[in-house]
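Visitor: Build me a model from this:
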Amino acid sequence: MYYLKPSWLTHSEGQKHFEVYSIHVSPDGTRLASGGLDAKVRIWSTSAIYACATAEGAENVINGNVKAHFSEGPRQLCSMSTHSGAVTVVRFSPSGRYLASGSDDRVILVWEREEEGHEVSLKEFGSHGEADSERWMVRRRCVGHENDVQDLEWAPDSSILVSVGLDSGIIVWSGTTFEKIKRLDIHQSHVKGITFDPANKYFATASDDRTIKIVRYHRTSATDMTFSLDTTVTAPFEGSPLTTYFRRCSWSPDGSHIAAANATNGPVAAVAIINRGVWDSEINLIGHEGPVEVAAFSPRMFSKAKGSKQLVTVIACAGQDKALSVWNTSNPRPIVVSQDVAEKAITDLAWAPDGQKVFASSLDGSILVCIFEEGDLGYIIPVEENEKQLAKYGGGRDAMHFPESVEQLALEEKSYKKESEQGKKRLKELMEGKTTAANGTPTASTDTVAQESESSSTVGQGTPNTITNVDSPISSRQPMPSVQPAMQKVVITKEGRKRVAPMLVSGSSSGPMVSVTPVVGTVEATSQDNSTVQYTEPSNRLPPGGIQTLVVGNKRRLQLDGQNGNGTDTKRHAAESDVPEFVRSAVISPSITLSQVRLATPKVKTVLSTDDRGSPVMLEVRNGAGGEKEPTRITLQRKGQLLWSNFVPKMILLVTGTTSFWAVGCEDATIHIYSPTGRALVPTIVLESTPSFLDSAGKYLMCLTSTGMLYIWNTLTMTSPHPPVSVAPILDAGLYSDSGLHKSPSITKCAITAVGSVIITLTNGDGYTYSSSMYAWQRVSESWWAVASQYWDSSGMHSSGGVVGVIERRTDEELKRTGKGRALQRMVKSAMMREGYEGIETTVSIAHLENRIGAAILLGSKKELYTYLIMYARRLAEEGLKDRIEELFKELLGPMEESKSGTYEATLCGIDKKELLKEIIITVGKQREIQRVSIPYAKLLGILDDDVMDTD
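Guide: As a prediction, the model looks like this:
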C-alpha cells in the first residue's frame, strides 16, 4: 500500500490554493472529477495521476513503496467554470455518460462530453494551466433548491438523480430528461448526504436533524414512480455534532449495510453501520479523534484468502481529524489508519472501480490517492458474486420490479386473477344489456328499473318525477336510452351570437378516474341492505335559486374595503335587508322574534297533491278559507275512487307521504300524520313556526321550519333520533356581526333518506347532513373537491349511483351555474407552480376519498362505501403511504386480544369488515411498495395458502 499526492493535483490559481469539496471517479476508471471553492469542475486523467510516482520522484510517495505507471497523456482533461458558486459535489452517472455537479449557487449542472471528433484543445482565458483536451457541455441546468446543494447521487441504473441541500429538501430528477419528478420535505434541518441501495430499492439521506431517512422507491409504469418514507434511524446520531460540512454516507456493495458518518458512541466520534431491513445499528467504527464527515464502501467485495467463500466488504472513513482509516467486515480493528494525510479536514472519498484505489480530497486544496496492492484488502471476487449477493434483495436487472418473496408473488397472482375475473364479469353484463357500478357490482338494467320503480317502498313527495343520473327526470315506464357523454350547451347572447356554455372538468386530466360504465337508473333510498339509496324531491316546487334564507350573525366579521368603522357595509346591508317577495306574513311568535334564522315559506295553493311515484294512489288537498266555516279537505284516492277523507280548520302548505303514512303541514305550524287508512297516528304536532320543508322516506318524516329548526320523527316508534336542531351553522351565520338580517346561501335541496339521514344542499355548492350520534352538522360535499381532486366527476359518466354521488352532482351544478369553478381551478393551477405545492392534487384527492368514505358511513350507503374504500386503498398503495394503509388494515381487522374486542364492531354499514379487508388486500396485492405491510394481514386472513411456501 502506498499514497500518491501529486503537487499539480489541486484547485489553485498561481500561489493560491482553493478548498476541494468533492471528488468522484468515472465508471471506467479513466477520469477523476473534482469540485472546489474556485467554482470550477475539473476533470483529471487517472493514468497521469498513477504515473506521477516515477515522474516526480519519491517525494510524492509515502512509506517508500513505488509502483510505476507510465502515461504520456495530459494531466487535466477539462476545466469548467459555469457555476457561480463553490462546487460542493460532483458525481458521474453509473452509465458514464453524464457528470452532475452541485453548487452553493443552488443549481445542478448535468454535463456531457462531446464526441471525440469534435474535441479541440482549449485554454481558459487568464488561466495558467494546460489547455483542455476534452470538451464537456452543459446538457441540463436543474433549478429547484432554495439553498446550497450539498450532495447528490445517481440511482444504480442511472434512471433518477437525487439531490439534497441546505434547504432541508430532497429533490428527485429524471435521469433522462432531468425534469423534476418529486420533492420530498421529510427532514427538519440541512440535508448533507445521500446514498443509493445497489439493489435499486432504497436511498438514504443524512441530515443535521440527527436522523437518516430510508426512502423506498418503485417504478409503477414506464413514466411513473412512487416514493415513500420507509423508516427513520435516530439512535446513532443523538449526540452528533452539527459542525461538519457533510454527512456523506455509503451503501455496501452487497446491499446489507449503510455506513453513516458523523455518528457518536457516547462522547466518541464513530461511523454507524446500519443493518438493512431492521435498520438498527449494532456496530460502530470507533477510532477517529474528530467528527467523521465521509464514509465510502469499496465497490468490490473481497475474500479473505484465494478460493475462500468468506466474503468481506471494505470501507474507508475520514473527517475533521485529517486521518484516513480503512476497515473490513471481518476485523474489529482497522486495516490501516493514516494520520495527517492532509493539512486540513478531508471532505470526500472516492474509490476506483477496481476497488483497490481510494481518492481523498481536502480543504487544503489537495487530492491524494491511496493504492493497495494485491492481498492488502483481501482478494477481489468476480462481479458476478456481487450480483448474486444483491439478488436476495431483488437486485440486478429491472430491480425495481423484482419481488422480494414468494408470498409477494402469490399475492400478486391473486390480485391479477381477481382483476381478470371482474373484467370478464363486466364484459358479460354489458353483453346482456346490464350496466356496472363503479365497484364492478351490476345495477339494474332498463327493464328492471321500471319494475323496481313501480314496486318501490317509497312514495314520491310532491313531484312524481324521480331522479335519474341525479337531475334528469325520466319516466320509469319509458325505456331508458344508453347514456352518452355529456354535451355542452349552446346559448344565444343578447347580440344574437352563439356561445358554448363552459363545463367544469376535474382538476387534472392525468389524474385517476373510475374506469366504469355509467349508471343508468333511478336513485332510490332504501335500507342499508339494499344496493342503492333512495331519496325524493321535497313536497313543494322550489323557486328559481332555491329557498332564500336570512340570518343574524353571531361572530365578528373582518373589516373589508368599503366598510365603515362598525364593520358593516351600509349599501350591502340595505340591499340584503329586503325581505324576499314570497315570504308571507304570519303571526309573530317569540320563537320568530328571537330566532337567528329566517327561511322563506311556501305560498298557499288552492290544490296540493302527491302520489306514490306514479301509482294510482294520490293524496289531494283542497284549501278552504282557513277557518271553521270553510275547512280544508284532505282526500286519498285510487284511480279516482275515494278511499278516505278528513278535514282540518287551517290552510295546508305542504304534503308528503309513503306507503306507511301520510303527513300534511299547516300554516299555523302544526303537523298532522295519518295512517294509510286515514287514522290519525298521533295527536297534532305543534311546532314553533311555519314549516318550510316537509319530506318523507320509508318510516321517517322530516320537517324544516321557517326559523331554521329541523325535526325528524320515526313514525313507527313515534320517536326522534335526535332533539330539534338549528340549520344556522350551515348557513354561514358566522360571517356576519351586526344585529341586522343578511342574505345567506339559499337552500336548493332538503330531503331525508330511508335510514333517517337528512340532506341539505345550498347555492354555494356545499352539501350537509346531520350526525345523530355526534349531534353535529357535517359537510359531505364542497366546491374545493371539484377543483382540486382528481376523483371529481363533472360529466356524470362515473356516478356511483348513491346518495353521496347525488350530493356531489348538486355541487357540480352550482359551480357550473355560478362560474365559480373555473376561477377556483385557475387558483389551484397557479398554486401548483409554487414551491412546496407540487403534490397538492395528490393530497387533496386522497382527502376527497376519505371524505367520501366518511359520508357514505354517515348516510348508510353500503355500495358507495365499498367502492370508495377500494379506490382509497388502491390510491394509498400507488402513493406508497404504508403507515396510512396499515392504519386502515388495523381498523378493519380489529383487536387481536379478546379483552379489547368489546368495542369492536364486526360490520360497517352491513359489510363484514374482515371480508372487506380481504377484498382490499387482494386488490392492492400487486403494489410491491406496500407488500411488506399487506403480507402479514394476508396470512392472518388465510388469503395465502399454506402450500405457497412449498414451491421450489
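Visitor: after the strand of greatest length in the chain, next one along is what?
Guide: Looking across the chain with DSSP state E, the single longest strand is strand 742-752. As assigned by DSSP states H and E, the chain's next helix or strand after strand 742-752 is strand 758-762.
Visitor: For the next helix or strand after that following strand, C-alpha coordinates in PDB please.
Guide: Scanning forward in sequence from strand 758-762 by DSSP H and E, the next helix or strand is strand 767-771. The C-alpha coordinates for strand 767-771 follow below in PDB (Å, rounded to 0.1, in the frame of the first residue of the first chain):
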ATOM      1  CA  GLY A 767     -73.900  19.600   0.900                       C
ATOM      2  CA  TYR A 768     -74.600  18.800   4.600                       C
ATOM      3  CA  THR A 769     -76.000  16.100   6.800                       C
ATOM      4  CA  TYR A 770     -76.600  15.800  10.500                       C
ATOM      5  CA  SER A 771     -75.000  13.200  12.600                       C
END
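Visitor: Next, the buried residues of strand 767-771.
Guide: Of all the residues in strand 767-771, those buried under the rule 16 or more other Cβ atoms under 10 Å are 767-770. Bear in mind the C-beta positions are built from the backbone N, C-alpha and C, glycine included.
Visitor: what about the closest residue to E179 other than its chain neighbours, which SS state?
Guide: In this structure, E179 finds its nearest non-sequential neighbour in W173, 6.9 Å apart by Cβ to Cβ, 6 or more residues apart in numbering. Per DSSP: H, G, I helix; E, B strand; the rest coil, the local secondary structure of W173 is strand.
Visitor: so how far is K213 from L849?
Guide: 27 Å (Cβ to Cβ, to the nearest Å).
Visitor: out of the buried residues of strand 767-771, who's nearest M896?
Guide: Comparing the buried residues of strand 767-771 against M896 with Cβ to Cβ picks out T769 as the nearest, at 34.1 Å.
Visitor: That closest one bridge partners, please.
Guide: Q778 (DSSP bridges).
Visitor: could you redo the buried residues of strand 767-771 as TSV and give each row distance to G640 and pLDDT?
Guide: Formatted as TSV, the buried residues of strand 767-771 follow (distance: Cβ to Cβ, whole Å; pLDDT from 0 to 100):
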residue	distance to G640	pLDDT
G767	40	91
Y768	41	93
T769	40	94
Y770	40	94
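Visitor: Put together TSV for the residues you listed, with distance to A100 on each row.
Guide: Conversion of those to TSV gives the following (distance: Cβ to Cβ, whole Å):
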residue	distance to A100
G767	51
Y768	53
T769	54
Y770	58
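Visitor: Identify the farthest-apart pair in these.
Guide: Taking Cβ to Cβ, no two of these sit farther apart than G767 and Y770, at 12.0 Å.
Visitor: Also compute the angle for the longest strand of the chain relative to strand 767-771, please.
Guide: Angle of strand 742-752 versus strand 767-771, following axes from the mean of the first three to the mean of the last three Cα atoms, to 10 degrees, is 60 degrees.
Visitor: name the helices or strands packed onto strand 742-752?
Guide: strand 547-551, helix 570-576, strand 691-697, strand 700-705, strand 758-762, helix 803-818 (3 or more Cβ pairs under 8 Å, 6 or more residues apart in numbering; DSSP states H and E).
Visitor: The fifth one pairs with which strands, and in what direction?
Guide: Meaning strand 758-762. Using DSSP bridges, strand 758-762 pairs in its sheet with strand 742-752 (antiparallel), strand 767-771 (antiparallel).
Visitor: can I get these in CSV with distance to L411?
Guide: Output for these, formatted as CSV (distance: least, Cβ to Cβ, whole Å):
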stretch, distance to L411
strand 742-752, 43
strand 767-771, 37
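Visitor: I'd like to know which of these is closest to V655.
Guide: Counting by Cβ to Cβ, V655 lies closest to strand 742-752 out of the strands paired with strand 758-762; the figure is 15.0 Å.
Visitor: Pull the distance from that closest one to the chain's centre.
Guide: The chain centre lies 33 Å from the centre of strand 742-752; the measure is Cα atoms, centre = their mean, to the nearest Å.
Visitor: element containing I885, please.
Guide: Using DSSP H and E, I885 sits within helix 882-893.
Visitor: What is that helix packed up against?
Guide: So helix 882-893, by 3+ Cβ pairs under 8 Å, 6+ apart, packs with helix 862-879, helix 913-923, helix 931-940.
Visitor: all helices of the chain, in order?
Guide: Counting by DSSP state H, the chain has helices at residues 46-55, 383-391, 406-431, 446-454, 570-576, 590-594, 783-788, 803-818, 820-832, 840-859, 862-879, 882-893, 913-923, 931-940.
Visitor: Including mean pLDDT, mean neighbour count and distance to A269, could the ones you listed go into CSV?
Guide: Below are those laid out as CSV (pLDDT from 0 to 100; neighbours: other Cβ atoms under 10 Å; distance: least, Cβ to Cβ, whole Å):
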stretch, mean pLDDT, mean neighbour count, distance to A269
helix 46-55, 79, 19, 30
helix 383-391, 83, 16, 30
helix 406-431, 76, 15, 40
helix 446-454, 33, 16, 76
helix 570-576, 42, 12, 69
helix 590-594, 56, 12, 74
helix 783-788, 81, 23, 48
helix 803-818, 84, 23, 59
helix 820-832, 65, 15, 44
helix 840-859, 89, 20, 40
helix 862-879, 89, 23, 39
helix 882-893, 89, 17, 33
helix 913-923, 90, 20, 46
helix 931-940, 86, 19, 34
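Visitor: By average pLDDT, which secondary structure element in this protein comes out worst?
Guide: Least confident helix or strand, the chain: helix 446-454 with a mean of 33, by mean pLDDT, DSSP states H and E.
Visitor: circling back to that earlier point, of the strands paired with strand 758-762, which approaches D104 most closely?
Guide: strand 767-771 (51.8 Å).
Visitor: coming back round to it: which among the helices and strands packed on helix 882-893 is found nearest to Q356?
Guide: Here helix 931-940 is closest among the helices and strands packed on helix 882-893 (Cβ to Cβ), at 37.4 Å.
Visitor: List of residues touching the closest one?
Guide: Residues outside helix 931-940 that contact it (Cβ atoms under 8 Å, 6 or more residues apart in numbering) are 403-405, 407-408, 411, 882, 885-886, 889, 893, 917, 921, 924-925, 944.
Visitor: ok, of the residues you listed, which one's closest to L229?
Guide: Nearest member of those to L229, counting by Cβ to Cβ, is K882, at 8.4 Å.
Visitor: in terms of contact, does that closest one touch E929 like I think?
Guide: Yes: applying Cβ atoms under 8 Å as the test, K882 and E929 come out as touching, 7.2 Å apart.
Visitor: how much space is there between T243 and A345?
Guide: 10 Å.
Visitor: typo on my end, it should be L944
Guide: 53 Å.
Visitor: what ranges of the stretch 1-150 of the chain fall below the confidence cut-off?
Guide: 53-72, 116-130 (pLDDT under 70).
Visitor: where exactly do the strands run in it?
Guide: Taking DSSP state E, counting those that start in this stretch to define them, one finds strands in the stretch 1-150 of the chain at 2-4, 12-13, 16-17, 20-25, 31-36, 41-45, 76-80, 87-92, 98-103, 107-113, 136-143, 149-154.
Visitor: Adjacent strands (with direction) for the second one?
Guide: Spelled out, it's strand 12-13. strand 16-17 (antiparallel).
Visitor: Give me the contact list for the strand it pairs with.
Guide: Contacts with strand 16-17, where a contact means Cβ under 8 Å, 6+ apart, come from 10-11, 364-366.
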